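>>> next comes the sequence, and after it the predicted model I'd like to discuss.
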Amino acid sequence: GTLLIVATFGRRRFGEETAKWATLILASSMFFMLIGRMFIPDPLLIFFLTAALFAFWESMEGDWRWRLATAFCLGMATLAKGPMPAAIFIALLVYVVWKMPEKRPSLRSGWMLGTVIYLAVVAAWFVPVLLQRGPEFFSDFILRQNIGRLQGTDEAHAGPFWLYVPVV
C-alpha cells in the first residue's frame, strides 16, 4: 500500500519516470521491506502516515475534502503508534504555512470537520482503554512510553533524542 501511494504521488507531482525510480528505491530498501514483514505496528504507522501526507498534499491542490482522508489516516497512524504522527503532521503544517505562502489560502477549509474525524478515530480506542484502565494508562502510555522515548528515559528505548536522526 505504501509503495502504491509513493508511486501515485510521484506520478502526479514529478512524472512517470521519477515515480518509477522513487518506488524502486523504496521497494529495494532492505530496512523498509524487513519492517513491513514484522509483526509490529510500524508498517501500519508508515502506511497511514504516508497516506495522510499524500492526502494533505492533494487537499492543498484544491479539493479540501482530501482533508477528511488526511484526518482519518492521521487518526489511524496515531492508533498505530501514539501521538508522534500528529506531531510530525503539525511540524509539516507549520512548515507549509511558513515557507509556502502561496498554499495558505488552500488551508482554510475542512479543518473543523477534519479535527472531529481525527478525534473520533483516536477516541474509538483511547476512550474505552482509559475507561477500563483508568488514569494510570495515560501516565504510562503517553507520558512514559511516548514522551519518555523522546527524552531517552524509557527503558525500552534508552538514548537521547538525536539517536533517532540517523534512523529517520
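Looks like it came in fine. Numbers count the residues shown, from 1 in each chain.

>>> got a list of what the residue nearest the centre of the chain touches?
Nearest to the mean C-alpha position of the chain, by CA atoms, centre = their mean, lies Leu49 at 2.8 Å. Leu49 makes contacts with 73-74, 77, 85, 88-89, as judged by CB atoms under 8 Å, 6 or more residues apart in numbering. Where you see a C-beta, it was placed from the backbone N, CA and C, and this is true even at glycine.

>>> determine which two of those residues are furthest apart.
Maximum pairwise distance among these (CB to CB): 12.4 Å, between Cys73 and Ile88.

>>> so for these two, which sits in the more crowded spot?
Using other CB atoms under 10 Å as the criterion, Cys73 and Ile88 rank with Cys73 on top: 26 against 16.

>>> list just the nearest of the contacts of Leu49 to Glu102.
Phe89 (20.2 Å).

>>> check what pLDDT that closest one gets.
We note a pLDDT of 91 for Phe89 in this prediction.

>>> now Ala158
For Ala158, the predicted pLDDT is 58.

>>> cool, Tyr118 as well?
Taking Tyr118 on its own, its pLDDT is 96.

>>> ok, it - contacts?
Counting by CB under 8 Å, 6+ apart, Tyr118 has contacts 71-72, 74-75, 78, 86.

>>> now Pro41
Counting by CB under 8 Å, 6+ apart, Pro41 touches 80-81.
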